[in-house]
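In: Below: sequence and its predicted model.
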Amino acid sequence: MNICTLDELLQAISNAVSNANSFVQKAAKDSHKEFFNSSADGILSPKTIPMLLPNRHVINEDGKQGETESVQNISESTLTHHNQIVLDTMTMDIDCLVEELQENKDGPALLVLKLGGDLRGRSSVGRLNLSFKTSSPPEGVARLNDELLKST
């Protein structure tokens, strides 16, 4: 059985969630970098694919609307799905044994818990239910894709 304070347990879980979220954010950022070229001065420009596309709003020599084709450079980023792993909600149920209320000269008393092991039949068994939820994904990615679509 492990013994820790509730503060230590919450801090450890919070750090683990934060580290996992940082990993997911870095992976998302890295996945977007593959769609851009970087110049010597660090400016990013989208990688493009030339495609032969119809031009439907062309006026012919006789003044009528016609249809021609031209090569357009289409951003690779706009042609792929950007469904990424997102850490949305995490819920944990933890059975624990309330061991004691420990004096703390630096602040409020600390609740000392025993975790793990067989806690059935104990009078001071408690259940912690912890929920973590992240904020919405960055809006910048969606706006960047919108701008890239508009420019092609």
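Out: That came through fine.
In: mind checking the longest strand of the chain?
Out: Among all segments of the chain classified by DSSP state E, the strand with the greatest residue count is strand 89-102.
In: Would you mind listing the outside residues contacting that strand?
Out: 1, 3, 5, 9, 13, 17, 109-115, 119, 122, 124-134 (Cβ atoms under 8 Å, 6 or more residues apart in numbering). C-betas here are computed from N, CA, C, even on glycine.
In: which of the residues in that strand are buried?
Out: Buried positions in strand 89-102, judged by neighbour count with 16 or more other Cβ atoms under 10 Å: 95-97.
In: what's the angle between the helix or strand just after it and strand 89-102?
Out: Scanning forward in sequence from strand 89-102 by DSSP states H and E, the next helix or strand is strand 110-115. On the basis of axes from the mean of the first three to the mean of the last three Cα atoms, to 10 degrees, strand 110-115 is oriented at 120 degrees to strand 89-102.
In: which helices and strands sit right next to strand 110-115?
Out: Secondary structure elements in contact with strand 110-115, counted by 3 or more Cβ pairs under 8 Å, 6 or more residues apart in numbering; DSSP states H and E, are strand 2-5, helix 6-33, strand 89-102.
In: To Met51, which of those lies closest?
Out: Across those, Met51 has its closest neighbour in helix 6-33 (21.3 Å, Cβ to Cβ).
In: Please compute how far the closest one lies from its chain's middle.
Out: Relative to its chain's centre, helix 6-33 lies at 9 Å (Cα atoms, centre = their mean, to the nearest Å).
In: Identify each buried residue in that helix, please.
Out: Taking 16+ other Cβ under 10 Å as the basis for neighbour counts, the residues of helix 6-33 that come out buried are 9, 13, 17, 21, 24-25, 28, 32.
In: and which of the residues you listed is nearest Ile74?
Out: His32 (16.7 Å).
In: pretty sure the closest one is touching Thr80, no?
Out: No: with contact defined as Cβ atoms under 8 Å, His32 does not count as touching Thr80 (10.1 Å).
In: If you rank every helix and strand of the chain by mean pLDDT, what lands last?
Out: helix 139-151 (a mean of 67; mean pLDDT, DSSP states H and E).
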